[in-house]
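*Asks:* Next input, structure requested:
(2 chains)
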Amino acid sequence: MIVRLALDAMGTRFELVLHGGDEFFLRAVGEQAVEAIRDEHRRLSLFDPASHISRVNASGAARSVTVDRDLFDLLATAAAVWEQSGGAFDAAVGGFMRRWGHRGAPADAGTLAAGFGAVRLDPDRLTVAFTDAGAALDLGGIAKGYALDRAAGVVRAAGVGAALLHGGTSSIAAIGAPPGTEGWRVRLKSGRGELCLRDRSASISAPSGRVTEAGAAHIIDPRTGAPVEVRGESVVVGESGALADAWATALVVTGDRPDRMPPEIGSAVRVNDDWAVSPGMEQAFRALAPGETDRELDR
Amino acid sequence: MTTDRRTFLGTTAAGLAGMSLLPIPSFAFDRVGAPARIGVIGVGRQGREIMGELGKYEGVQVTAIADADERRLESGVRRTTGAQGFAGHKALLERTDLYDAVCVATPTHTHLEVAKDAIDAGVHVYCEAPMESTIERAQALVRAARASGKVFQVGFDCRSNPVYTLARSFYRSDAVRDLVNVFAQQHSKTTWRFPSNDPARERELNWRLDPEVTLGLAGEWGSHQFDTVSWFTGRYPASVRAFGSIRLHADGREVADTVSCQLRYKNGVVMDYDATLANSYGGRFETLYGTNAAIKLAQTHAWMFKEADAPTQGWEVYANRQQFHNDEGITLIAGATKLAEQGKLREGVGLPNPPLYYALGDFLKSVTEGAEAACSADEGYRSTVVGICAAQAVVSGEEVAIGEDLMKVS
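*Replies:* Numbering: from 1, shown residues only, chains lettered A, B, ... in the order given. Below is the predicted model of the structure:
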């Protein structure tokens, strides 16, 4: 039996597919998972003036802001990926996003902006502070995966053996596998690859909107604070959805895998028609040539 | 031209409320008067909500939490800046050095035991609403609260809601004129069920579905909305009849997932109340219909819908309005004058925080500044009684009288 739930959060649609034998039990579990996602939406939203992120952004340049352990650990994770990716993933890119009109409002060249280099985290006091008034947290590149981590934790703890959760089709948490299969099969929207996931999280980062006829798109490169042209996509697979999200965001900017990326996190990066797939991704990812389809998936 | 008292009151109070005497809204990240340390007992969904809202106040720290569920306790601690976790409320209450006050967010039928232990420990108490699941137990809690000499606030949060406070000032200024009737609802498509692989634990978690202890939808949800109406009108119903059935969640439960209540007041006013777990349309709101206007209250928003023949007041020309099918509602904005001066009137439509935030803010003011409790034990008791009687009416199918003697605690 399959039970499906859905909600709108973090500017996208989350869907949950739970498999098991007791419909009422599955729905109750799904509701708890939905509530976990809603909770993170309330806490991490950039657009809700009462969210924890808004609180930090409002005061972080003036003084140290104390946050709870969960939020601090998430920011510490973001800091680690920022450092390891050479700044290609940046959770303080809010000012740049607004400057270039990437957050719904018109572009404003006068917006103050500074990246994660202006963020100070104090692990002893659980505080966040900005050394530059232009710094603004924007967890859009990690929040969906983090919320799915929490939701998947709820589903696992309840003992549900097979479930697929996704946020906006780009962040995915797979629990177990549908009966008789090796894993949850997911095809990339580009048609250039497919995933087979079992007890793994995945994130797919591909530019959307503003795509030229040549297939190029402009996204913000946090290292320069300016838009760059991207002609491909990135796929990251690992245990943590938050890390998968952050690294997928970084790889679509860099176009290749940084040396310091943790080896246990798998990646596949496509630039134009060429995929670069990291070792260990054979089970989880298969590249498809243009026009090629997977017969099993199509069936 | 002569002006009768009603017209004078209506014009003056509404005008003042609209233009100059509005409560300034408490936006996010307020400071309270002095630092406060809070303990939270019960960190299920409501307890976590409480912790989240407390975390928005500068100078306020959750320093201790208690929950019998190890997993919830662990995740609850992670939502603090270093609170000490306790496996039960008694252990927490042995460490009153850690906090100035506690919030009680345990199941309704445990409030007496937990809150009374907190009172006996000599700390201020914020007790979630409804107060208890039986009249006798609620009365016992009122007596304990009265004798405590400490702050005791019941979590009927409408009384702290800035938008409701503003709407109430309009209601009290006679803007609606004579009250015709009231309609309120809470619709949400949800199971009300918490999953667990352990049957014993599942029963504990699902106390709201346990017919032996639950007040069901009429009591758990309805009592909050009954309190709103009583706070506005200053009246309590004299009787209630109700119906309940299972419309969607036929999972073996006995507690109705859909209820319809009719509460009758001595002055002839009737309040109709619907609650369901089977459909979410319309969400939660209360509407008071008067001969001059209707006021609709929806947690973070409120509107006034004037009759065509109702007297107009100058400030309405500048009011923000919202269309509802064929009706146009005047948006009631807390702090409108100040926001208008800042050119931010539109930003004031809707509260930035949930009502719980403001209720906890009032509690913190009581704890740190000695302000009177926003909802005292006696006030909370009366709306709890209405909820208990409504719950009894749902179960019995009989009309239940709410005698004046029930409303008093000796």
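*Asks:* can you give me the helices in chain A?
*Replies:* Listed from the start of the chain, chain A has helices (DSSP state H) covering A:23-44, A:52-59, A:69-84, A:94-99, A:143-157, A:241-254, A:295-298.
*Asks:* Please identify the most buried of the ones you listed.
*Replies:* Mean neighbours per residue, mean count of other C-beta atoms under 10 Å in any protein chain shown, is largest over the helices of chain A for helix A:241-254, with a mean of 28. Every residue, glycine included, has its C-beta placed from N, CA and C.
*Asks:* Figure out how far it is from the centre of its chain.
*Replies:* Remark: helix A:241-254 is offset 7 Å from the chain centroid, using C-alpha atoms, centre = their mean, to the nearest Å.
*Asks:* now what about stretch B:158-166, what contacts it?
*Replies:* B:17, B:22-23, B:25-26, B:224, B:227-228, B:231, B:297, B:299-302, B:332-335, B:351, B:355, B:358-359, B:361-362, B:374-375, B:379 (C-beta atoms under 8 Å, 6 or more residues apart in numbering or on different chains).
*Asks:* would you list the helices of chain A in a markdown table and tack on mean pLDDT?
*Replies:* Written out in a markdown table, the entries for the helices of chain A read as follows (pLDDT from 0 to 100):
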| stretch | mean pLDDT |
| --- | --- |
| helix A:23-44 | 96 |
| helix A:52-59 | 93 |
| helix A:69-84 | 98 |
| helix A:94-99 | 78 |
| helix A:143-157 | 97 |
| helix A:241-254 | 96 |
| helix A:295-298 | 54 |
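*Asks:* can you list the weak-confidence ranges in the chain?
*Replies:* Here I'm looking at chain A. Counting by pLDDT under 70, the ranges of chain A that qualify are A:103-106, A:208-218, A:293-299.
*Asks:* nope, chain B please
*Replies:* Per-residue confidence of chain B (counting by pLDDT under 70) places the weak regions at B:1-34, B:344-346.
*Asks:* for the spatially most central residue of chain A, what are its contacts?
*Replies:* For chain A, A:Asp245 is the residue whose C-alpha lies nearest the centre (C-alpha atoms, centre = their mean; 2.8 Å). A:Asp245 makes contacts with A:Gly141, A:Ile142, A:Ala143, A:Lys144, A:Gly145, A:Tyr146, A:Ser171, A:Ser203, A:Val236, as judged by C-beta under 8 Å, 6+ apart.
*Asks:* Next up, the contacts around the first one.
*Replies:* Contact criterion C-beta under 8 Å, 6+ apart gives A:Phe89, A:Asp90, A:Ala91, A:Val93, A:Asp245, A:Ala246, A:Thr249 as the residues in contact with A:Gly141.
*Asks:* Can you get me a residue count around the residue lying closest to the fourth one once chain neighbours are set aside?
*Replies:* Looking back up the chat, that one is A:Val93. With C-beta to C-beta, 6 or more residues apart in numbering or on different chains as the criterion, A:Val93 has its nearest non-adjacent residue at 4.8 Å, and that residue is A:Pro222. Applying other C-beta atoms under 10 Å in any protein chain shown, we find 28 residues neighbouring A:Pro222.
*Asks:* Would you check how far apart A:Pro222 and A:Ala61 are?
*Replies:* Counting by C-beta to C-beta, to the nearest Å, the gap between A:Pro222 and A:Ala61 amounts to 18 Å.
*Asks:* again with B:Thr63
*Replies:* When C-beta to C-beta is the yardstick, B:Thr63 and A:Ala61 sit 28 Å from each other.
*Asks:* Those residues of the stretch 251-400 of chain B touching chain A, which are they?
*Replies:* Taking C-beta under 8 Å from any C-beta of the partner chain as the measure of proximity, the stretch 251-400 of chain B contacts chain A at B:Asp251, B:Pro352, B:Asn353, B:Tyr357.
*Asks:* a helix runs through the second one, doesn't it?
*Replies:* No - judged by DSSP: H, G, I helix; E, B strand; the rest coil, B:Pro352 forms no part of a helix; its state is coil.
*Asks:* Test my guess that it contacts A:Ser45.
*Replies:* No - under the criterion of C-beta atoms under 8 Å, B:Pro352 lies out of contact with A:Ser45, with a separation of 11.9 Å.
*Asks:* In contact with the nearest residue to B:Ala36 once chain neighbours are set aside: list those residues for me.
*Replies:* With sequence-adjacent residues excluded and distances taken as C-beta to C-beta, 6+ apart, B:Ala36 is closest to B:Val60, at 5.0 Å. B:Val60 makes contacts with B:Val32, B:Pro35, B:Ala36, B:Arg37, B:Ile38, B:Leu54, B:Leu364, as judged by C-beta under 8 Å, 6+ apart.
*Asks:* Next secondary structure after the host helix or strand of B:Val60?
*Replies:* Here B:Val60 is covered by strand B:58-66, with elements defined by DSSP states H and E. Counting by DSSP H and E, the element after strand B:58-66 in chain order, helix or strand, is helix B:70-78.
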